[in-house]
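# please find the sequence and the predicted model below.
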Amino acid sequence: MTEEKKTNQNIEETEENDDLKVVMPEANRVVMDQEVFKEQPDYLKVFANFYIAHFDGRDLEIMNLYDTDHNIVDINNYLRNNIHFPRKTLVKHVLQWHDYNFNNLLDEMKKKEDIDPESMVTYEAWKDWYEKRRSEIQNALS
């Protein structure tokens, strides 16, 4: 093949390739707004942290005594699906969507126990209450 024929053949191939050229449109990027978290009282944050610790330890029997409307099921489902979050983030997220479930548990505790959940703003206060409550049940069963 002569040089002129090769050049003509290359030009024809290039023209054919231009017909098949794919043009990609620019991607439309959408940025979601940062989630705004509700401001939660300290006692609720502490209680949620305490609850999650007992959820991790599979030790929610005492909490179950105060669950009249299946609040624990809702909370636990959320925790199971999002347990990969660090604890601090998980507390913030679970309270964003299930604060009413925690409040229902606390309301029931107020009715049945001689405690004021709003005054229990430390993890140790909840731990002491939980251990006291557990010892009462053990004594009643033995």
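Cool, got the structure.

# quick check: next helix or strand after the helix or strand harbouring residue 104?
Here residue 104, judged by DSSP states H and E, is contained in helix 87-112. Following helix 87-112 in sequence order, the next helix or strand is helix 123-141 (DSSP H and E).

# check which helix or strand covers residue 52.
Using DSSP H and E, residue 52 falls in helix 42-56.

# give me the contact list for the very next helix or strand once past that helix.
Counting by DSSP H and E, the element after helix 42-56 in chain order, helix or strand, is helix 61-64. Contact with helix 61-64 is made by 51, 54, 72, 105, 130, 133-134, 137, as judged by C-beta atoms under 8 Å, 6 or more residues apart in numbering. Where you see a C-beta, it was placed from the backbone N, CA and C, and this is true even at glycine.

# in helix 61-64, what counts as buried?
By 16 or more other C-beta atoms under 10 Å, the buried positions in helix 61-64 come out as 62-63.

# with just CA atoms, put that helix into PDB.
Extracted in PDB, the C-alpha atoms of helix 61-64 (Å, rounded to 0.1, in the frame of the first residue of the first chain):
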ATOM      1  CA  GLU A  61     -33.600  -7.300  81.900                       C
ATOM      2  CA  ILE A  62     -34.200  -4.500  84.400                       C
ATOM      3  CA  MET A  63     -35.000  -2.000  81.700                       C
ATOM      4  CA  ASN A  64     -37.600  -4.500  80.300                       C
END
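
# chain center to it, what's the gap?
The chain centre lies 21 Å from the centre of helix 61-64; the measure is C-alpha atoms, centre = their mean, to the nearest Å.

# same question, stretch 83-98
Centroid displacement of stretch 83-98 relative to its chain, using C-alpha atoms, centre = their mean, is 4 Å.

# quick one, the helix holding residue 104 and helix 42-56 angle?
Here helix 87-112 points in a direction 100 degrees away from that of helix 42-56 (axes from the mean of the first three to the mean of the last three C-alpha atoms, to 10 degrees).

# just the mean pLDDT for helix 87-112, thanks.
Taken as a whole, helix 87-112 has a mean pLDDT of 96.
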